[in-house]
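Colleague: Give me coordinates for this.
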Amino acid sequence: DLPAVAPHARARFDADRIAVTIVPGSFRDDPLPRGADTMTLVRVLYDHSDDTVRALLSRVHAALPPGGRLIVSEPMTGGDHPERAGDAYFALYCMAMRTGRARSAGEIAALLAAAGFGQIATPRPARPFVTSVITSVRLD
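Modeller: Predicted structure coming up:
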């Protein structure tokens, strides 16, 4: 998490008695932590340009060990089968924020594959207009 957010995240996890490691920093400027077998990107990719996403996925790949997992959870477009509410809302959100764009699961899967991830799975979510998940594994 960003340094300004990390203390709030710590307090929230502590209140719920969830043991996690929080490493303050910026994925653009600071090294990603190493030693974890799983990393998550929750509501991150859609806030950024394709170039930033490609760079981030490359850094995540480098930080994970072979066989390490990456879980991406965020709003995704329906691609060939649009989700009216979610696609429209997040398109407007990104336009208003003037950054990023919501991508389909297929687009994110292609970015993951290009970064060296495999075993890419896209389970069907109960409410795709809210968030979807893609899991992947670092290939060597």
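
Colleague: Need the distance between the two termini of stretch 117-131.
Modeller: 21 Å (Cα to Cα, to the nearest Å).

Colleague: Ramachandran angles for the residue nearest in space to the middle of the chain?
Modeller: Residue closest to the mean C-alpha point of the chain, counted by Cα atoms, centre = their mean, is Leu41 at 2.9 Å. Main-chain torsions, Leu41, degrees, to the nearest 10: phi -120, psi 100.

Colleague: Mind listing the residues bridging to it?
Modeller: Val72 (DSSP bridges).

Colleague: ok, it to Phe27 distance?
Modeller: To Phe27, Leu41 is 9 Å away according to Cβ to Cβ, to the nearest Å. C-beta: built from backbone N, CA, C; applies to glycine.

Colleague: separation between the residue in the chain sticking out farthest from the centre and Ala9?
Modeller: For the chain, the residue at maximal distance from the C-alpha centroid (Cα atoms, centre = their mean) is Ala15, at 24.4 Å. Taking Cβ to Cβ as the measure, Ala15 falls 11 Å from Ala9.
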